[in-house]
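Novice: After the sequence you'll find the predicted model.
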Amino acid sequence: MTQDSSPTIESVLQEERQFAPPPQLAAEARIGSMAAYQALAARAEADPDGFWGEAARSELHWFAPFDTVLDWSDPPFARWFEGGTTNLSFNCLDRHLDGPRADKTALIWEGEPGDGRSFTYRELHVEVCRAANALKALGVGKGDLVALYMPMVPEAAIAMLACARIGAPHSVVFGGFSAEALRDRLIDGQAKLVITADGGFRKDKAVALKPAVDQALAEGCPSVEHVLVVRRTGEATGFEAGRDVWWHELVDGQSADCPAEPMASEDRLFVLYTSGSTGKPKGVVHTTAGYNLWAHLTFQWIFDIREDDIHWCTADVGWITGHSYIVYGPLSNGATTLMYEGAPRPSKPGAFWEVIEKHRVTIFYTAPTAIRAFMKSGRAVPDRYDMGSLRILGTVGEPINPEAWMWYRDVIGGDRCPVVDTWWQTETGGVMISPLPGATPTKPGSATLPLPGIAADVVDLEGNSVPTGQGGYLAVRRPWPGMMRTVHGDPERFRRSYWEHIRPADGSWLYFAGDGARRDADGYFWVMGRVDDVINVSGHRLGTMEIESALVSHPSVAEAAVVGRPDELKGEGIVAFVTLDVGVEGDAALEAELRRHVGLEIGPIARPDVIRFTDALPKTRSGKIMRRILRSLAAGEDVSGDTSTLEDRSVLDALRV
Ligand code: ATP
Ligand code: MG
């Protein structure tokens with residue numbers, strides 16, 4: 001985290017475009033006007049306990065009612081809905097079985113090779129109960145940690161729900177991680193069981209997963225007793241008798257009767273590691289009732305979910321976005337959720353659009369990295385598909401550059417669908433700042449306003465709100481149900497990482513997790529990037545997002561990342577790494593033109609000193625630009641620190657030359 005005592009970040013971006021919610025959508029929406037949003041937010045502000053208590057009672061099923069809404073007597077360790085018992089798997093399944101939803105499609109799965117399966121709520125309930133009984137048969141009980149290392153197959157969601165059903169916390173480790181990364185997480189979490197698959201399909205090839213599990217365990221993970229293996233690709237795989245068990249052999253024969261275990265509100269629900277953009281990943285702990293409520297409510301609000309929606313979130317279940325918006329948020333609301341094993345690839349650049357057309361997807365939720373990749377290759381591909389079913393578009397993961405936002409709205413959304421730019425983190429459990437599609441006028445590049453009950457603000461190091469238009473630290477002033485409870489095994493790191501940067505004189509607690517932002521005259525939030533990445537040019541502290549957006553607004557630029565490098569005169573100089581649209585060559589003339597372009601767009605102070613054209617930028621496996629790596633490269637230093645979350649090492653090698 002930055003030690004710079006200067007409290008603010010300068011803003012240079014000008015963005016004036018604005019889009020009202022479509023009138024028809026607003027007329028039918030749950031929250032259909034700014035007045036309705038403001039009324040809800042005001043109620044939450046006036047009486048947070050009353051607001052959250054009522055929401056928890058009306059939106060979740062309780063085996064036993066809770067006594068208190070929030071216990072904040074030992075900050076920053078919050079306890080929500082104490083005395084109550086509930087179960088996430090029950091809320092996602094059993095409570096939908098009484099009425100017509102029982103035979104509604106809960107999960108549509110599309111495999112990469114073109115195979116597919118779908119499950120009604122009744123069918124999914126049976127699968128989850130069987131899997132839960134299988135876990136018990138393997139000796140897994142309440143409180144035992146189960147690690148998942150899975151491709152994007154239905155069994156991943158089924159296993160998560162089965163764990164929640166019996167009260168065994170899960171720790172989903174993204175299937176793209178190496179054996180070492182997996183092993184670190186197995187040891188850190190003391191996992192008792194690993195659920196995996198022989199492999200999955202990726203870019204038209206079978207990619208093995210089980211060997212990584214074998215390797216992780218061979219190097220010693222004493223807590224792991226069994227490995228439960230889903231057969232997906234059918235490729236031969238090592239099998240250790242006594243330890244390894246096939247899913248189909250164990251699960252399919254189990255009873256379909258497995259009552260959901262009543263769980264205390266604060267029982268641990270899952271551990272999930274952050275994606276590691278900035279350093280060593282942290283094991284974020286979420287608990288039962290608060291997380292469930294937050295995933296449920298945010299999903300309902302942000303996507304204005306309707307009974308006939310087909311919701312598709314393209315994240316992997318290995319990330320929080322997959323947890324909250326593929327599995328738990330949609331199912332808790334009784335919605336239809338789609339899960340896709342594949343990704344756009346050379347043999348099928350229109351893979352996503354084909355899925356939308358085929359399944360008549362109505363809500364599409366993806367990441368800026370994907371949108372920029374589509375922009376890079378142009379609109380000809382998406383234009384071949386009928387995406388008229390879409391009604392809402394969402395984005396998450398990084399700041400979205402206004403030009404990418406416009407492209408998304410125009411080309412994918414047919415200039416008709418509201419775009420919800422959702423700001424949140426693994427730590428926050430669910431979305432914190434986002435437009436509501438039927439209420440909030442949107443501005444390209446702004447996540448707009450905090451959700452009801454979320455006391456987000458932009459502050460200086462003493463916790464004072466900074467003036468309108470000035471950048472500062474994005475912080476949250478009050479606890480919310482979906483907040484992380486601790487760092488697994490390291491409560492001190494939790495306190496240190498999130499609660500000690502901002503120190504108000506009155507001793508109140510502010511949650512801060514690394515991002516810079518500013519608010520405009522309408523109170524809208526503009527996330528400016530991570531404060532660690534702020535560049536200090538001649539005493540001007542500039543966020544990365546605005547300079548990058550100026551570069552991306554040039555018609556030849558697909559994607560840009562800027563970092564500072566030490567400069568004797570200015571303190572820091574700006575180095576920009578730029579990828580160009582397909583077919584465009586980077587040369588000295590274009591470099592000069594881009595420098596001029598940034599100068600015109602946002603001012604001479606932000607003009608990059610150096611522009612490096614590259615084919616690709618280093619990203620995390622969740623698709624986020626890793627600026628700390630670029631910073632080392634720009635300074636001519638060795639790349640140090642944890643690079644295990646890097647998606648493609650060859651990108652780094654190419655940049656080194
Ligand atoms: P680590 O904490 O290990 O560095 P990470 O922060 O990338 O990893 P996540 O929890 O997946 O892990 O990502 C949260 C971060 O992603 C936010 O703090 C923010 O920087 C960025 N982010 C997510 N959504 C948005 C958004 N809509 N606009 C701007 N930034 C976003
Ligand atoms: Mg983070």
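Specialist: Looks like it arrived, so ask away. Ligands and ions are numbered 1, 2, ... in the order given.
Novice: How far away from the center of its chain is stretch 9-25?
Specialist: In terms of CA atoms, centre = their mean, to the nearest Å, the centre of stretch 9-25 is found 23 Å from the chain centre.
Novice: next one: stretch 46-58
Specialist: Distance of stretch 46-58 from the chain centroid (CA atoms, centre = their mean) equals 26 Å.
Novice: Kindly report the same for stretch 376-393.
Specialist: Relative to the centre of its chain, stretch 376-393 is centred 23 Å away, using CA atoms, centre = their mean.
Novice: what about it and ligand 1, touching?
Specialist: No. Using CB under 6 Å from any ligand atom, stretch 376-393 stays clear of ligand 1, with a minimum separation of 12.8 Å. All C-beta spots, glycine's among them, are computed from the backbone N, C-alpha and C.
Novice: what comes into contact with that stretch?
Specialist: Here stretch 376-393 makes contact (CB atoms under 8 Å, 6 or more residues apart in numbering) with 25, 303-304, 309-310, 349-350, 353-354, 356-357, 360-365, 374, 407-409, 411-414, 417-420, 437, 558-559, 579, 581-582.
Novice: I figured Thr643 hits Leu652, correct?
Specialist: Yes. Thr643 lies in contact with Leu652 (CB atoms under 8 Å); the separation is 7.4 Å.
Novice: Tell me the residues that contact both of the two, please.
Specialist: Ile629.
Novice: Just the strands from the stretch 551-657 of the chain, written as ranges.
Specialist: Residue ranges of the strands in the stretch 551-657 of the chain, as given by DSSP state E, counting those that start in this stretch, are 557-567, 571-580, 610-613.
Novice: Throw those into JSON lines and include mean pLDDT and distance to ligand 1, thanks.
Specialist: Listed next are the strands of the stretch 551-657 of the chain as JSON lines, based on pLDDT from 0 to 100; distance: least, CB to the nearest ligand atom, whole Å:
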{"stretch": "strand 557-567", "mean pLDDT": "96", "distance to ligand 1": "13"}
{"stretch": "strand 571-580", "mean pLDDT": "96", "distance to ligand 1": "18"}
{"stretch": "strand 610-613", "mean pLDDT": "96", "distance to ligand 1": "23"}
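Novice: Turn the ones you listed into TSV, including mean neighbour count.
Specialist: As requested, the strands of the stretch 551-657 of the chain are arranged in TSV below (neighbours: other CB atoms under 10 Å):
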stretch	mean neighbour count
strand 557-567	23
strand 571-580	22
strand 610-613	18
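Novice: Those strands: which one's closest to Arg30?
Specialist: Closest of the strands of the stretch 551-657 of the chain to Arg30 is strand 557-567, at 35.5 Å (criterion: CB to CB).
Novice: how far off strand 571-580 does the closest one point, in degrees?
Specialist: Angle of strand 557-567 versus strand 571-580, following axes from the mean of the first three to the mean of the last three CA atoms, to 10 degrees, is 160 degrees.
Novice: what about Ala162, how many neighbours?
Specialist: Residues near Ala162, counting by other CB atoms under 10 Å, number 28.
Novice: Touching, it and Val128? I think so.
Specialist: Yes. In this structure Ala162 lies within contact range of Val128 using CB under 8 Å: 5.2 Å.
Novice: Now the common contact residues for these two.
Specialist: Going by CB under 8 Å, 6+ apart, residues that sit against Ala162 and also against Val128 are Ser89.
Novice: Confirm for me that Ile400 is in contact with Thr366.
Specialist: No. Using CB under 8 Å, Ile400 and Thr366 do not qualify as a contacting pair, with a distance of 10.4 Å.
Novice: So for those two, which residue has more residues nearby?
Specialist: Ile400 (28 against 22).
Novice: ok, now which ones touch the more buried one?
Specialist: Pro368, Ile371, Tyr408, Asp421, Pro444, Gly445.
Novice: for Thr442, same thing?
Specialist: For Thr442, the contact set (CB under 8 Å, 6+ apart) comprises Gln18, Phe19, Pro418, Val419, Val420, Asp421, Pro435, Thr448.
Novice: change it to 7 Å
Specialist: Phe19, Pro418, Val419, Pro435, Thr448 (CB atoms under 7 Å, 6 or more residues apart in numbering).
Novice: residue ranges of the strands in the stretch 401-550 of the chain, please?
Specialist: Using DSSP E, counting those that start in this stretch, the strands assigned to the stretch 401-550 of the chain run over residues 419-421, 456-459, 471-476, 486-487, 511-519, 525-530, 535-537, 540-542.
Novice: Just list what the shortest one packs against, helices and strands only.
Specialist: Identification of packing neighbours for strand 486-487 by 3 or more CB pairs under 7 Å, 6 or more residues apart in numbering; DSSP states H and E yields strand 283-287, helix 491-499.
Novice: So for the helix or strand following the shortest one, mean pLDDT?
Specialist: Along the chain past strand 283-287, the next helix or strand (assigned with DSSP states H and E) turns out to be helix 288-302. The predicted model assigns helix 288-302 a mean pLDDT of 98.
Novice: Extract the CA atoms of helix 288-302 and return them as CSV.
Specialist: What follows is helix 288-302 as a C-alpha-only set of coordinates in CSV (Å, rounded to 0.1, in the frame of the first residue of the first chain):
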residue,chain,number,x,y,z
THR,A,288,-23.2,-18.3,6.0
ALA,A,289,-26.1,-15.9,6.4
GLY,A,290,-24.5,-12.5,5.6
TYR,A,291,-22.9,-13.8,2.4
ASN,A,292,-26.1,-15.5,1.3
LEU,A,293,-28.2,-12.3,1.9
TRP,A,294,-25.7,-10.1,0.0
ALA,A,295,-25.3,-12.4,-3.0
HIS,A,296,-29.1,-12.7,-3.1
LEU,A,297,-30.0,-9.1,-2.8
THR,A,298,-27.3,-7.7,-5.1
PHE,A,299,-28.2,-10.2,-7.8
GLN,A,300,-31.9,-9.2,-7.5
TRP,A,301,-31.2,-5.4,-7.6
ILE,A,302,-28.4,-5.2,-10.1
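Novice: of all the strands of the stretch 551-657 of the chain, which lies closest to Ile158?
Specialist: Nearest of those (CB to CB): strand 557-567, 36.1 Å.
Novice: contacting residues for the residue of the stretch 351-500 of the chain found nearest ligand 1?
Specialist: Distances between the stretch 351-500 of the chain and ligand 1 by CB to the nearest ligand atom are smallest at Thr426, namely 3.4 Å. By CB under 7 Å, 6+ apart, the contact list for Thr426 reads Leu272, Thr274, Val284, Ile320.
Novice: Not counting its neighbours along the chain, what's nearest whatever residue of the stretch 51-200 of the chain ends up closest to ligand 1?
Specialist: Per CB to the nearest ligand atom, Phe174 is where the stretch 51-200 of the chain lies closest to ligand 1, at 10.7 Å. Distance criterion CB to CB, 6 or more residues apart in numbering; nearest residue to Phe174, sequence neighbours excluded, is Gly318 at 3.1 Å.
Novice: list the contacts for the one you found?
Specialist: Gly318 makes contact with Val172, Val173, Phe174, Gly175, according to CB under 7 Å, 6+ apart.
Novice: Share the number of residues neighbouring the third one, please.
Specialist: Counted with other CB under 10 Å, the burial measure for Phe174 works out to 23 neighbours.
Novice: What's opposite the closest residue to ligand 1 within the stretch 451-600 of the chain in the beta bridge?
Specialist: At 3.7 Å from ligand 1, Val527 is the closest residue in the stretch 451-600 of the chain, using CB to the nearest ligand atom. Counting by DSSP bridges, Val527 forms beta bridges with Ala517.
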